[in-house]
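>>> Prediction below, plus the sequence it came from.
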Amino acid sequence: MNIKTHLPVVLTLDAGGTNFVFSAMKDGEEIVDSVHMDSSADDLQKCIKTLKDGFREVISQLSDKPEAISFAFPGPADYPRGIIGDLPNLPAFRGGVPLGPKLSEEFKIPVFINNDGNLFTMGEYYGGMLPSINNLLKESGSTKKYENLIGVTLGTGFGGGLVVGGNLIMGDNSNAGEFWSLRNKLYPQSNVEESIGSRALSRKYCKYSGTEKVYSAKDLFEIAIGIKEGNKEASLKAFAEMAMVLGDTLANLVNIFDGLIVMGGGISSSHALFMDVVLNEMNGKLTNSDGSVYSRMISTAYNLEKPDQIEDFIHGGQKLIDANGLGKLIYNASPVTGIGISKLGTNRAISLGAYFWAVRKLAEY
């Protein structure tokens, strides 16, 4: 399917624990003034009414009829059916609430709900990092074109999504992309979220510094670079541990899904502090039982935020060969991948992903 064959108007929502922000998009751009409302998170009936009122107010600004509603909503949830489970940040949702069906019945249009990691990756695939890198490759004369994207969000916890050949990988139980639940390299009895995310950083900093205060990721970054008072060594150690576990996790994902990686979420802005450790882990070595050493990944990973590594990424991998009378041919002699930071911003990427997810789903109707 050509994603831009049809460009509908889609109603969108940024669903926070305390506030809802309603909008509408066409061709990947907002076309109304956003509407902000209190979420009424502890009262289901008021919360549902708020959702309906917010979308009605957006519709009142439109000249064209919307064809769908699409937005990210916290899980656990049965996303294909639009049923929300027990949410810690929205206590009104308990025991399975058919949010999608309720909104679809009210507005007589399809409703598509997904998680933020999936939609972040979808947005970066169609309007963010992936087309940016592919354009860069094309401008440099490379014939390489990437079709797969692994998105990771480094926020309070650790999330993400997978888009392979333009298709969002949801899984049979809507659980694909639940990266947080993978096994932790450093603590094999725990999941990786024990080491990745702002909660983990704060917990590790307190352990290594002997303090008990809860710290934000921004605070810990500023302590690590020496512009805020605190235990610099403990902060650097917490970031290094996160980077080792993150690098191991990303190496596993690249070996399975073989694509570029884009990072979002608040902690991604601190990437200069930990990216080298992530790359060292991904490009590290493993040892066979006979003592022989081999690369951790099939591909070599590059930091797409560093100009010199971008150059190596662009010009590495492909090789020109003489194909015995068939002329000169290019082949992928040394596979490469890269990690970059969202240029859209996480919230913008999620909104864009919600739009393009709706475009794809509407094409199936």
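Sure thing, it's come through.
>>> contacts and neighbour counts: CA atoms only from here.
Will do.
>>> quick one: residue 114 from residue 120, how far?
10 Å (CA to CA, to the nearest Å).
>>> Between these two, which is the more surrounded one?
residue 120 (35 against 23; other CA atoms under 10 Å).
>>> didn't that one look like it was pressed against residue 345?
No - if you go by CA atoms under 8 Å, residue 120 and residue 345 don't touch, sitting 9.3 Å apart.
>>> shared neighbours, these two?
Counting by CA atoms under 8 Å, 6 or more residues apart in numbering, the common neighbours of residue 120 and residue 345 are residue 264.
>>> which residues are common contacts for residue 114 and residue 120?
Contacts common to residue 114 and residue 120, judged by CA under 8 Å, 6+ apart, are absent.
>>> where are the low-confidence patches of the chain?
Filtered on pLDDT under 70, the chain yields the residue ranges 1-6, 317-333.
>>> Could you break it into its assigned domains?
Per the record, the chain has its domains at 9-115, 129-343, by automatic domain parsing.
>>> list the buried ones in stretch 33-50?
Residues of stretch 33-50 classed as buried by neighbour count (16 or more other CA atoms under 10 Å): 34, 35, 39, 40, 41, 44, 47, 48, 50.
>>> give the contact list for the fourth one.
Read that as residue 40. 18, 46, 47, 50.
>>> For the domains of the chain, give me a markdown table that also has distance to residue 363.
A markdown table is the format used below for the domains of the chain (distance: least, CA to CA, whole Å):
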| stretch | distance to residue 363 |
| --- | --- |
| domain 9-115 | 11 |
| domain 129-343 | 13 |
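>>> Those domains: which one's closest to residue 353?
domain 9-115 (8.7 Å; CA to CA).
>>> what about that closest one, how long is it end to end?
21 Å.
>>> Distance from that domain to the middle of the chain?
Relative to the centre of its chain, domain 9-115 is centred 20 Å away, using CA atoms, centre = their mean, to the nearest Å.
>>> Number the chain from 734, please
With 734 as the first residue, the last one maps to domain 742-848.
>>> those helices in the stretch 934-1083 of the chain, which residues are they?
Using DSSP state H, counting those that start in this stretch, the helices of the stretch 934-1083 of the chain run over 950-957, 965-990, 1004-1015, 1040-1048, 1079-1096.
>>> which residues touch residue 941?
With CA under 8 Å, 6+ apart, residue 941 has these contacts: 967, 970, 971.
>>> Count the residues that sit near the second one.
Going back to what we said before, that points to residue 970. For residue 970, using other CA under 10 Å, the count is 17.
>>> before we move on, what about the last one?
Residue 971 has 24 neighbouring residues, counting by other CA under 10 Å.
>>> what's the answer for residue 966, then?
Around residue 966 there are 13 residues (other CA under 10 Å).
>>> how far away is it from residue 802?
Counting by CA to CA, the gap from residue 966 to residue 802 is 48 Å.
>>> Let me have the contacts of residue 941 in a markdown table, extended by distance to residue 760.
Shown next, in a markdown table, are the contacts of residue 941 (distance: CA to CA, whole Å):
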| residue | distance to residue 760 |
| --- | --- |
| 967 | 47 |
| 970 | 44 |
| 971 | 42 |
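>>> which one of those residues is nearest residue 740?
Distances from residue 740 to these, taken as CA to CA, are shortest for residue 971 (45.3 Å).
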